[in-house]
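Peer 1: Return atomic coordinates for the entry below.
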Amino acid sequence: MRYLYTFIFYVALPFIWIFMWMKKQKSPDYAKGYGERLGFYRHLIKPKAKGIVIHASSVGEVNVAIPLVKALQTQYPEMAITFTCMTPTGAKLIKKVFGETVTHCYLPFDLPFAIKRFLRFVEPKVVVVMETELWVNLFYTLKRKNITLIIANARLSARSCKHYAKFQKTMSNILQCIDLIAAQDQLSADRYLAIGAMPEQVQVTGNIKYDLHILPEIYEKISQNQGVKRLIWVAASTHAGEEEIILQAHQRLCASFPDLLLILVPRHLERFDDVAELLRQYEHQNSLSFVRHSENCLTQHKNVLLVDTIGELLFFYGLCDVALIGGSLISQGGHNPLEAAAFKKPIVSGVEVFNFYEVYQQLEDANAVKWVMNTAESLAMEIQFLLQNPAERKAMGEAGFVVLQRNQGALIKLLALMQPYLESENE
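Peer 2: Residues are numbered from 1 along each chain as shown. Prediction:
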């Protein structure tokens with residue numbers, strides 16, 4: 001099956017390049033790192049051997065991995081850390097947070113020749129893959145080279161489990177390449193066992209998304225901007241198909257709250273210009289006015305602030321009165337609501353949250369989330385209710401914060417499980 005997978009990947013490679021070229025037309029950053037995706041790293045300084053590789057596919061996984069990387073830097077300052085990802089947004093965030101303290105590069109395509117080049121360049125002792133990704137050739141090569149492989153914060157949805165179960169024998173062989181599966185909940189642990197993992201491989205650590213570490217400079221920046229005397233709601237990590245609903249809802253809300261500010265934060269940087277063009281259409285209709293965050297500041301009186309920068313979502317959560325978590329009004333599966341909960345903000349979400357089912361279940365049980373349908377009417381109604389009821393906002397925010405605190409500690413458990421592999425003398 002691995003050979004068939006590899007053959008299909010080779011056949012698909014030209015189409016992948018075409019897809020990336022099309023992406024480059026909207027985001028030139030996609031032109032960067034082409035060589036890295038085939039395992040060429042001559043332009044980078046070779047990291048010290050026997051270090052750690054942390055792989056986080058996209059910006060969401062990068063955010064989750066940041067506390068882990070910081071903890072590893074503190075606990076193992078002598079070990080080189082290579083932080084890989086697959087998207088330009090993730091790459092920018094890694095560079096913004098860590099600068100030159102880690103080696104950043106793109107993980108290559110999962111092809112044998114590219115994987116071998118990557119491993120020759122990095123020479124890692126331990127490779128940590130965040131959350132869900134199964135890289136067949138990478139996993140087999142690590143096993144053959146006796147390099148420790150850990151899946152951290154491992155999550156497996158019911159949909160993925162059902163799909164993988166159709167290939168039970170193949171999945172079992174792939175999973176045997178993994179030394180440790182640190183599952184974020186018992187449900188995910190049981191699903192990994194159901195598709196072929198061995199009990200001794202799987203440990204439940206909890207979800208390290210709860211172990212948020214908010215830097216003091218973010219609180220300082222929030223404090224400096226508290227003079228913005230406007231009601232603010234954030235629509236965070238939005239996708240195509242959601243902005244139209246959000247902007248229509250904002251139009252309705254502005255009728256009741258003329259000074260209301262919407263902070264709109266698209267999920268992917270290559271969509272910034274598309275969302276700006278959508279906002280211009282509303283501006284031409286004299287229904288909404290907007291400004292791009294990269295061009296101005298919060299003090300300018302506009303209806304909408306389009307955040308076309310990365311790594312600032314926590315700051316905007318700290319400023320807002322209500323937070324809508326995107327990816328939930330369409331079948332995207334939702335995004336992490338815990339960053340809003342960390343600032344005690346009331347959370348609003350669509351019902352498509354299968355990627356964060358367990359988290360949202362706890363928030364719902366605590367009355368810390370308001371559900372909306374994927375219509376402007378439903379969204380406007382819930383946002384208006386919260387804007388008109390400060391006591392409800394406060395109660396929801398406090399309840400969400402309690403959920404966050406109650407579940408913290410997964411990072412400590414994960415580091416304890418990783419310790420024997422990191423400190424082992426085995427070659």
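Peer 1: tell me how far the ends of stretch 206-226 are from each other?
Peer 2: 35 Å (C-alpha to C-alpha, to the nearest Å).
Peer 1: Actually, stretch 92-110.
Peer 2: Taking C-alpha to C-alpha, stretch 92-110 runs 22 Å from one end to the other.
Peer 1: Point out where the chain drops to low pLDDT.
Peer 2: Applying pLDDT under 70 to the chain picks out residues 24-31, 297-300, 426-427.
Peer 1: ok, longest helix in it?
Peer 2: For the chain, the helix with the greatest residue count under DSSP state H is helix 2-26.
Peer 1: Let me see the residues that make contact with it.
Peer 2: 30-31, 34, 109-112, 136-137, 140, 170, 270-271, 273-274 (C-beta atoms under 8 Å, 6 or more residues apart in numbering). Just so you know, the C-beta spots here come from the backbone N, C-alpha and C atoms, and that holds for glycine as well.
Peer 1: and what of stretch 204-214?
Peer 2: Contacts to stretch 204-214, defined as C-beta under 8 Å, 6+ apart, come from residues 64, 66-68, 70, 152-153, 182-186, 189, 314, 336, 338-339, 342, 358-359, 404, 407-411, 413-414, 417.
Peer 1: Can you give me the buried ones in it?
Peer 2: Within stretch 204-214, the residues that count as buried by 16 or more other C-beta atoms under 10 Å are 204, 205, 206, 207, 208, 209, 210, 211, 212.
Peer 1: Can you convert these into JSON lines and add a column each for secondary structure and distance to residue 45?
Peer 2: What follows is those, written out as JSON lines (DSSP: H, G, I helix; E, B strand; the rest coil; distance: C-beta to C-beta, whole Å):
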{"residue": "204", "secondary structure": "strand", "distance to residue 45": "38"}
{"residue": "205", "secondary structure": "coil", "distance to residue 45": "33"}
{"residue": "206", "secondary structure": "coil", "distance to residue 45": "36"}
{"residue": "207", "secondary structure": "coil", "distance to residue 45": "34"}
{"residue": "208", "secondary structure": "helix", "distance to residue 45": "29"}
{"residue": "209", "secondary structure": "helix", "distance to residue 45": "32"}
{"residue": "210", "secondary structure": "helix", "distance to residue 45": "35"}
{"residue": "211", "secondary structure": "coil", "distance to residue 45": "31"}
{"residue": "212", "secondary structure": "coil", "distance to residue 45": "31"}
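Peer 1: I'd like these laid out as JSON lines, including distance to residue 131.
Peer 2: Below are the buried residues of stretch 204-214 laid out as JSON lines (distance: C-beta to C-beta, whole Å):
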{"residue": "204", "distance to residue 131": "15"}
{"residue": "205", "distance to residue 131": "12"}
{"residue": "206", "distance to residue 131": "14"}
{"residue": "207", "distance to residue 131": "10"}
{"residue": "208", "distance to residue 131": "10"}
{"residue": "209", "distance to residue 131": "10"}
{"residue": "210", "distance to residue 131": "14"}
{"residue": "211", "distance to residue 131": "14"}
{"residue": "212", "distance to residue 131": "16"}
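Peer 1: Thanks a lot, see you next time.
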